[in-house]
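J.: any chance you could fold what I've pasted below:
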Amino acid sequence: MDVQKADLLRGLSSDCINEIMDIAVLESYGKGTYIFLRGDPAWHFYFLLMGRVKLHLGETGKVVHYVSRPGEIIGWSGLVGREAYSASAECTMPVELHKVGAGKLREILKKNPADGYIFFENLSKILGERLLQSYSQYEKVFVTSTLI
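T.: Reported below is the predicted structural model:
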């Protein structure tokens, strides 16, 4: 997967993308391991390269999203000023991803405000889509439970 084609980076200058990729660290996780737990300090975010990650509330909580498409992001909390992750990220199969320090990323985006604007516009679209997906899942559960 070419992370440079990820939705979050779409429209950014090649110089900015290169700076972001220069601070990215390749990591691998096995099935059943956690990348982070809900409440952990949100110091990083991640680009999925391969695998599948279940995002859920706590270790045994409600599943809020699955990340399985190369280039999708995990751990957005640190990008929006949250001090802690809002969900836990559990690998449901072996996973490879790029880990990016949120603080270092903010420094890059401050130097490149036009790219920073595009970056956060992309992030808002991604989070909006996830929110709509969660509404859709809630509606299915609600409608099904009321019909029974």
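
J.: show me the contacts for the most centrally placed residue in the chain.
T.: Ranked by distance to the mean C-alpha position of the chain (CA atoms, centre = their mean), the top residue is Ile74 at 2.1 Å. Shown in contact with Ile74 (CB atoms under 8 Å, 6 or more residues apart in numbering): Ile35, Phe45, Tyr46, Phe47, Leu48, Val53, Leu55, Val67, Ala89, Leu97. Where you see a C-beta, it was placed from the backbone N, CA and C, and this is true even at glycine.

J.: try it again at 7 Å.
T.: Ile74 makes contact with Ile35, Phe45, Tyr46, Leu48, Val53, Val67, Ala89, according to CB atoms under 7 Å, 6 or more residues apart in numbering.

J.: for the fifth one, grab the count of nearby residues.
T.: Neighbourhood size, Val53 [other CB atoms under 10 Å]: 24.

J.: ok, now the first one?
T.: The tally of other residues near Ile35 (other CB under 10 Å) stands at 23.

J.: how about it: what's its closest non-neighbour residue?
T.: Spatial nearest neighbour of Ile35, chain neighbours left out: Ala89 (4.1 Å); criterion: CB to CB, 6 or more residues apart in numbering.

J.: what is whichever strand or helix holds the one you found packed up against?
T.: In this structure, Ala89 sits in strand 88-91 according to DSSP states H and E. In terms of contacts (3 or more CB pairs under 7 Å, 6 or more residues apart in numbering; DSSP states H and E), strand 88-91 is packed against strand 34-36, strand 53-56.

J.: for Asn112, which of the ones you listed is the nearest?
T.: Asn112 lies closest, by CB to CB, to one member of the helices and strands packed on strand 88-91: strand 34-36, at 27.1 Å.

J.: list the buried residues for the helix or strand just after that closest one?
T.: For strand 34-36, the following helix or strand on the C-terminal side (DSSP H and E) is strand 44-50. Neighbour counts over strand 44-50 (16 or more other CB atoms under 10 Å) mark His44, Phe45, Tyr46, Phe47, Leu48, Leu49 as buried.

J.: want to throw those residues into TSV with pLDDT?
T.: As requested, the buried residues of strand 44-50 are exported to TSV (pLDDT from 0 to 100):
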residue	pLDDT
His44	96
Phe45	93
Tyr46	95
Phe47	94
Leu48	95
Leu49	95
